[in-house]
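Engineer: My questions are about this predicted structure, shown below with the sequence.
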Amino acid sequence: MPSKEIVEKIKKLCNTINYHNYRYYVLNQPVVSDYEYDMLLKELETIEKEHPELISPDSPTQKVGGEPVEGFPPVEHEPAMLSLDNTYSEDEIIAFHKRVKKALGIEPSYTTELKVDGLAVSLLYRDFILTQASTRGNGRVGDDITQNIKTIRSVPLKLISDDKILKNIEVRGEAFMPRDAFIELNREREKKKLPLFANPRNSAAGSLKLLDSREVAKRNLDIFIHSIPIPAKGINSHFSMLKIINRAGLKTNPYNRFCKTIEDVLRYRTEWENKRKTLPYEVDGIVIKVDRYEFQIALGSTEKNPRWAIAYKYPAEQATTKVLNIVTQVGRTGIITPVAILNPVFLSGSKISRATLHNADEIERKDIRIGDSVFIEKGGEVIPEVLKSIPEDRTGKEKVFMMPDKCSSCGSKVVKYEGEVAYRCINVGCPAQVKGRIIHFAARNAMDIDGLGEKLVNQLVDIGLLKNYADIYYLKREDLISLERMGEKSVYNLIAAIEESKERDFARVIFALGIGDVGTHTARILTSHFKTMKRLRRTSFEELIQISEIGPVVAESIVKFFKDKENKAIISRLEEVGVNMGKDTKEKKTSEPLSGKTFVLTGTLSSFTRDEATRHIEKLGGSVSSSVSKKTDFVVIGESPGSKYDKAKELGVNILNEKEFKEIISNNEPQRTQSSQRKEREKP
Ligand code: IVH
């Protein structure tokens with residue numbers, strides 16, 4: 001039994017070292033020498049070795065990583081981890097300000113922050129102790145990477161506070177790899193002949209997904225906390241909240257600024273345009289947030305972005321290099337994209353050796369030839385593009401590129417339809433298209449089949465084991481075990497992941513099918529309208545265009561997809577193996593009073609946030625759309641309604657004020673079950 005003194009000694013050492021970590025890693029203001037710090041840590045390690053039962057979860061010795069893990073369990077995000085709408089000019093910032101001002105009816109103040117290029121993570125503190133950390137994933141579900149996050153030195157394992165608003169708190173931030181650490185890591189990898197990371201962002205993402213946290217500990221990752229998804233009661237301002245959490249040990253960016261007016265925001269933008277390049281980490285823009293939480297709540301969010309914040313991205317950097325060759329790439333829809341193979345150059349921290357040329361018309365318009373010197377640019381999107389050639393540098397040996405008349409993947413004839421710029425391979429059996437469709441099906445935002453990535457899909461298609469995505473569910477252990485790099489364990493895991501994917505939400509299944517023009521949002525609309533595959537596949541063009549937000553192009557594409565014989569067969573095979581084909585909620589439908597009704601919300605409601613109002617409507621079977629059309633059933637108007645109100649009047653759509661809306665909801669609100677009440681109470 002360890003003595004009371006030992007327990008006390010350990011506690012004191014933990015607190016002292018944690019405090020020095022905070023001074024060093026968070027504030028950048030150490031108060032002891034490295035030697036003194038090392039001595040304290042050694043002392044703690046020695047005592048803990050003798051009394052391993054006394055190692056507490058917030059002990060600084062726990063930051064070195066632990067035993068490798070098997071994988072990363074999923075973590076649900078509530079509220080979802082949204083992303084930011086991007087803007088690229090001062091005009092767009094001003095337009096954002098005007099929108100906000102109009103909706104709120106007053107001029108708000110802002111917090112401006114640097115947009116650090118890393119990856120979003122969520123940290124959960126329970127009883128002041130870090131209990132869970134996760135990646136953003138698809139915004140709704142991410143991966144549990146607690147062990148890895150714990151190794152980041154600026155992440156406190158325990159908050160230095162007894163303030164009850166911080167006792168149980170979720171904070172979100174950006175994990176990143178400083179430039180020096182990235183260069184050093186790549187230098188080491190080069191020596192070991194390992195593939196290099198393209199940029200600090202990728203190396204941060206790659207590091208946080210390592211299964212061995214001891215390796216992560218060596219990667220010198222860092223973090224800035226920038227968001228508090230559920231603001232604490234009594235704290236009104238985001239800027240003040242950032243200060244409070246910083247005092248409790250969380251690292252916030254020292255260049256966050258409170259901006260009283262939009263002019264201050266614009267000055268911040270200008271100030272950091274060049275200054276950001278002197279920072280030891282990559283900053284690709286600024287984030288502008290309405291400062292007061294009550295205003296943030298009133299403005300609410302769309303499905304993807306908050307309405308109270310935007311990102312401004314600094315103009316992309318350009319570089320010059322040489323086009324060594326132009327090749328073509330066939331996508332899952334058969335469109336053939338010309339790609340420039342470049343003499344590798346570094347651009348915004350990434351090594352670029354390929355850049356898209358979009359299509360043949362663009363190559364001609366920009367007059368880009370094989371052998372040309374060119375300007376390339378890395379924009380907001382991941383794929384760099386060739387901007388223009390430098391004809392003055394020509395030697396006469398440059399070659400004009402011609403689109404091939406045969407598909408580079410299957411050799412069949414390439415076609416170009418009247419009025420379209422794209423060249424296409426129309427062989428649906430083309431291996432590149434087949435691979436693309438299967439990769440899309442198994443992707444994270446679709447069926448999320450862990451372990452079935454691009455490389456394995458290519459391999460399985462090449463050896464004939466996969467001809468379409470339904471074949472995935474017919475793969476057998478014997479087929480897989482003989483493949484290169486597939487051991488017993490990975491085969492077992494893959495088969496389990498395939499099995500598990502059968503349970504994915506019906507909306508994901510629809511998205512995974514790869515119907516032209518049907519993205520995740522449309523897939524969700526289709527799910528709420530049709531509920532089952534049986535009903536969806538029987539739909540008609542006329543029925544589809546009655547649905548809010550479904551236009552004729554999408555409608556035609558859906559009808560065409562389900563008419564196709566091969567698609568019909570594939571869907572039947574998916575059904576046979578038990579992939580989720582939706583649930584028939586016919587009986588429920590009649591009991592859902594707003595079933596089939598589309599609402600549009602505009603202006604500020606005094607009793608609900610947008611999200612709350614949306615949840616009420618959806619709970620009663622209705623749906624919420626972002627724009628008013630003839631198909632809209634009701635427009636709910638709050639204070640200072642926007643142009644949607646005018647549109648509703650113009651189209652003669654039913655208009656409800658807040659009181660009328662509340663009446664509809666309360667008259668129809670279903671009885672809450674006991675368990676749902678309990679769930680709500682359990683929330684912190
Ligand atoms: S706020 C709901 N603040 O930018 C708003 N995001 O698309 C949540 N990012 O990957 C984001 N610096 O992690 C916010 N100071 C900052 C940020 C920041 C970087 C990242 C964020 C996300 C992306 C937004």
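Structural biologist: Here it is on my side, so go on.
Engineer: And the helices in the stretch 401-550 of the chain, which stretches?
Structural biologist: For the stretch 401-550 of the chain, the helices defined by DSSP state H, counting those that start in this stretch occupy 431-442, 454-462, 477-481, 488-501, 506-512, 520-530, 533-537, 541-545.
Engineer: Nearest to residue 399, out of those?
Structural biologist: Residue 399 lies closest to helix 431-442 among those, at 24.3 Å (CB to CB). C-beta here means a position set from N, CA and C on the backbone, and glycine is covered the same way.
Engineer: ok and that closest one relative to helix 488-501, angle-wise?
Structural biologist: Relative orientation of helix 431-442 versus helix 488-501 (axes from the mean of the first three to the mean of the last three CA atoms, to 10 degrees): 70 degrees.
Engineer: OK, contacts around residue 79?
Structural biologist: 229-230, 611 (CB atoms under 8 Å, 6 or more residues apart in numbering).
Engineer: coming back round to it: please identify which of the helices of the stretch 401-550 of the chain is closest to residue 319.
Structural biologist: Taking CB to CB as the criterion, helix 454-462 is the member of those that comes nearest to residue 319, at 26.9 Å.
Engineer: If you count neighbours, what's buried in that closest one?
Structural biologist: Neighbour counts over helix 454-462 (16 or more other CB atoms under 10 Å) mark 456-461 as buried.
Engineer: how much does that helix deviate in direction from helix 431-442?
Structural biologist: Interaxial angle of helix 454-462 relative to helix 431-442 (the same axes, to 10 degrees): 130 degrees.
Engineer: follow-up on the earlier one: turn the contacts of residue 79 into JSON lines, including secondary structure.
Structural biologist: As requested, the contacts of residue 79 are exported to JSON lines (DSSP: H, G, I helix; E, B strand; the rest coil):
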{"residue": "229", "secondary structure": "coil"}
{"residue": "230", "secondary structure": "coil"}
{"residue": "611", "secondary structure": "helix"}
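Engineer: are any of these buried, and which?
Structural biologist: Buried by 16+ other CB under 10 Å: residue 611, out of the contacts of residue 79.
Engineer: Make a markdown table out of the contacts of residue 79 and add distance to the ligand.
Structural biologist: A markdown table is the format used below for these (distance: CB to the nearest ligand atom, whole Å):
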| residue | distance to the ligand |
| --- | --- |
| 229 | 8 |
| 230 | 12 |
| 611 | 12 |
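Engineer: Tell me, how many residues neighbour residue 503?
Structural biologist: Residue 503 has 11 neighbours, counted by other CB atoms under 10 Å.
Engineer: Surely it is in contact with residue 580?
Structural biologist: Yes: with contact defined as CB atoms under 8 Å, residue 503 counts as touching residue 580 (6.0 Å).
Engineer: Residue numbers of the stretch 251-400 of the chain in contact with the ligand?
Structural biologist: Applying CB under 6 Å from any ligand atom, one finds that the stretch 251-400 of the chain approaches the ligand through 287, 306, 309, 311.
Engineer: got the contact list for the closest residue to residue 561 other than its chain neighbours?
Structural biologist: Residue nearest to residue 561 in three dimensions, not counting chain neighbours: residue 515, with 4.5 Å by CB to CB, 6 or more residues apart in numbering. For residue 515, the contacting residues are 557-558, 561, by CB under 8 Å, 6+ apart.
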